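Here's a sequence, model it:
(2 chains)
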Amino acid sequence: DAGVIQSPRHEVTEMGQEVTLRCKPISGHNSLFWYRQTMMRGLELLIYFNNNVPIDDSGMPEDRFSAKMPNASFSTLKIQPSEPRDSAVYFCASSPLGGLGTDTQYFGPGTRLTVL
Amino acid sequence: ILNVEQSPQSLHVQEGDSTNFTCSFPSSNFYALHWYRWETAKSPEALFVMTLNGDEKKKGRISATLNTKEGYSYLYIKGSQPEDSATYLCAFKSNFGNEKLTFGTGTRLTIIP
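Numbering: from 1, shown residues only, chains lettered A, B, ... in the order given. Got it, this is the predicted structure:
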């Protein structure tokens, strides 16, 4: 299994531009999570999906952030317009069974976003 | 907002020595505690999931204990090796009914050869 796949691995953009991060979860996993990692706040959950449905988006910072999961094998996190304070590493993770809380989450390699 | 704290923030240990660090979490509404190991430039990898008070889990030289009544877990590493250098994260899952994990900020462990 290829694991969780994220693209791009690195993204450098200018303030005001739209940024789209992509994630392919492990095949057969029912839940998908988007996290943001910063020095100040550590690893924060932004949003998670179960069976392609958004369950908890309380961590999404503001309206500039949106996430979609059109099917079981693909999710996007979009920032529009981007700001320098959005610079961080964004991780996607998936877990197999869904809804149990004891499931291990498998993390992708992350996307390092720099907004100039 | 759930408070999950880890201490110390960073730790330097001589190769061969044993070490331990702490994760503190809310003692009410406990469901599960996860430990992850996060090497630099890689992604977090699961070590343990613990659910029962008094539980102890072991994987090689790494072990963890859980006290849900007082809200803490210890991670122990016996005979530290350079490859143990990583950030160790704990994550708390409450029993509020969804899968959300609240992560601590981690303990950054450096093993000195």
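
How about the residues of chain B by chain A?
Within chain B, the positions adjacent to chain A are B:31-32, B:34, B:42-46, B:49, B:51, B:89, B:93, B:95, B:98-106 by Cβ under 8 Å from any Cβ of the partner chain. Quick note: C-beta positions are derived from backbone N, CA and C, even for glycine.

from the residues you listed, which ones fall inside strands?
Cross-referencing these against strands under DSSP state E gives B:31-32, B:34, B:45-46, B:49, B:89, B:93, B:102-103.

Out of these, which two sit at the greatest distance?
Greatest spatial distance among those (Cβ to Cβ): B:31 and B:45, at 21.4 Å.

Looking at the two, which is more packed in?
Neighbour count, other Cβ atoms under 10 Å in any protein chain shown: between residue B:31 and residue B:45, residue B:31 has more, with 16 against 13.

Just list the residues touching that one, thanks.
A:101-102, B:51, B:93-95 (Cβ atoms under 8 Å, 6 or more residues apart in numbering or on different chains).

Now do it, the pLDDT please.
Reported pLDDT at residue B:31 in the predicted model: 91.

The closest residue in space to it that isn't next to it in sequence and residue B:78, how far apart?
Using Cβ to Cβ, 6 or more residues apart in numbering or on different chains and skipping residues adjacent in sequence, the residue nearest residue B:31 is residue B:95, 4.1 Å away. Remark: distance between residue B:95 and residue B:78 (Cβ to Cβ, to the nearest Å) = 32 Å.

what sits up against the one helix or strand in chain B whose mean pLDDT sits lowest?
Lowest on mean pLDDT, DSSP states H and E among the helices and strands of chain B sits strand B:102-103, with a mean of 90. Applying Cβ under 8 Å, 6+ apart, the contact partners of strand B:102-103 are A:42-45, B:2, B:4, B:25, B:89-94.

returning to that earlier point: which members of the ones in strands among the residues of chain B next to chain A are classed as buried?
B:31-32, B:34, B:46, B:49, B:89, B:93, B:102-103 (16 or more other Cβ atoms under 10 Å in any protein chain shown).

and those residues as TSV, adding distance to residue A:53?
Shown next, in TSV, are those (distance: Cβ to Cβ, whole Å):
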residue	distance to residue A:53
B:31	21
B:32	22
B:34	23
B:46	24
B:49	24
B:89	27
B:93	20
B:102	21
B:103	23
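
which residues are contacting stretch B:45-59?
Under Cβ under 8 Å, 6+ apart, the answer for stretch B:45-59 is A:102-107, B:31-39, B:62-69, B:73, B:75, B:88.
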